[in-house]
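Colleague: Give me a 3D structure for the following:
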Amino acid sequence: MRLILIVLTALLVMIQYPLWLGKGGWLRVWDLSRQLDTALEKEQELRQRNEKLAGEVQDLKEGTGAVEERARYELGMVKEGEIFVQVLDGGTKASAQDSTKN
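Modeller: Here you go, the predicted structure:
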């Protein structure tokens, strides 16, 4: 009786091994599923980035607003008739001046 129990247990283990640890086993499927989820998240991020870049390209092709904005912020250009006003953060300079007075 004991021999039959040992043989049946061994057969059960031999049958279960490919199911859990084999090439198409549950652990491999779980790992591939996790990799798929990661790849899908990355793809979604890249799609959003591509849509944003496509919008910027379309804006640059069609309108002058985007070109003007880039000229102002990247090149420091000013339209004819406009007055350029530069605002500095006075908080850091004022505290430095106060410390030198004391």
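
Colleague: Kindly list the longest helix within this structure.
Modeller: helix 26-62 (DSSP state H).

Colleague: For the helix or strand following it, which outside residues touch it?
Modeller: Heading C-terminal from helix 26-62, the first helix or strand you meet, by DSSP states H and E, is helix 65-75. Contact with helix 65-75 is made by 56, 59, 60, 77, 78, 79, as judged by C-beta atoms under 8 Å, 6 or more residues apart in numbering. Heads up, the C-betas are built off the backbone N, CA and C, glycines and all.

Colleague: Reformat those residues as CSV; add distance to residue 25.
Modeller: Formatted as CSV, the contacts of helix 65-75 follow (distance: C-beta to C-beta, whole Å):
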residue, distance to residue 25
56, 47
59, 51
60, 52
77, 64
78, 68
79, 68
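
Colleague: Who wins on neighbours among those?
Modeller: Neighbour counts for those peak at residue 59, which has 15 neighbours (criterion: other C-beta atoms under 10 Å).

Colleague: Find the centremost residue of the chain, please.
Modeller: Ranked by distance to the mean C-alpha position of the chain (C-alpha atoms, centre = their mean), the top residue is residue 45 at 5.5 Å.

Colleague: what's the helix or strand for residue 83?
Modeller: Using DSSP H and E, no helix or strand contains residue 83.

Colleague: neighbours of it, just the number please.
Modeller: Residue 83: 5 neighbours (other C-beta under 10 Å).

Colleague: next one: stretch 62-80 to chain centre, how far?
Modeller: 29 Å (C-alpha atoms, centre = their mean, to the nearest Å).

Colleague: can you check stretch 48-60 too?
Modeller: 17 Å.

Colleague: which residues sit against it?
Modeller: With C-beta under 8 Å, 6+ apart as the criterion, stretch 48-60 contacts 65, 66, 67, 70.

Colleague: do the same with stretch 8-20
Modeller: Taking C-beta under 8 Å, 6+ apart as the rule, stretch 8-20 contacts 24, 25, 26, 27.
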